[in-house]
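A.B. asks: please work out how this folds:
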Amino acid sequence: MAANSKSVTTVGDTDHDDFVKDNENVVLDLWATWCSPCNQMDPIVEELADRYEGEVKFGKVNIEKNNQIPSKYGVQSLPSFLFFKNGELVEKKRGVLKLEEFEEKLEKNFDL
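C.D. replies: Now for the predicted structure:
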């Protein structure tokens with residue numbers, strides 16, 4: 001599922017570096033169409049993107065169309081979430097997260 005929320009940006013191999021550098025707090029959501037846990041995370045990612053609009057930028061990366069990003073960050077399972085603060089990778093989390101668990105990671109990684 002593509003980014004449906006106005007708060008979630010579709011990001012790819014060619015623009016992810018700028019997306020990460022241009023925003024202080026970034027979460028990249030790496031997913032694929034065949035990944036049902038990825039689809040399960042969509043409503044949570046969209047809700048958090050709306051809730052933290054202005055504080056955290058969320059980007060979705062379809063790994064079927066963008067293979068450089070998972071390779072660059074050693075992502076081997078989906079869904080995977082990459083947390084960047086000031087352009088630096090501060091945490092990598094894989095698998096399904098509960099809303100509360102995801103929110104705790106945002107608050108911890110981004111001092112919210």
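A.B. asks: where in the protein is pLDDT low?
C.D. replies: Scanning the chain with the threshold set as pLDDT under 70 gives 1-5.
A.B. asks: and the helices in it?
C.D. replies: Using DSSP state H, the helices found in the chain span residues 16-22, 36-51, 68-73, 99-110.
A.B. asks: mind listing residues that contact the second one?
C.D. replies: Judged by C-beta atoms under 8 Å, 6 or more residues apart in numbering, the contacts made with helix 36-51 from elsewhere in the structure are 1, 3-5, 7-8, 27, 29, 31-32, 56, 58, 60, 78-79, 95-99, 102-103, 106. (C-beta placed from N, C-alpha, C; glycine too.)
A.B. asks: for residue 61, give the beta-bridge partners.
C.D. replies: residue 30 (DSSP bridges).
A.B. asks: tell me how far it lies from residue 104.
C.D. replies: Taking C-beta to C-beta, to the nearest Å as the measure, residue 61 falls 23 Å from residue 104.
A.B. asks: just the buried ones from the contacts of helix 36-51?
C.D. replies: Those of the contacts of helix 36-51 that meet the buried threshold are 3, 5, 7-8, 27, 29, 31, 56, 58, 60, 78-79, 97, 102-103, 106, by 16 or more other C-beta atoms under 10 Å.
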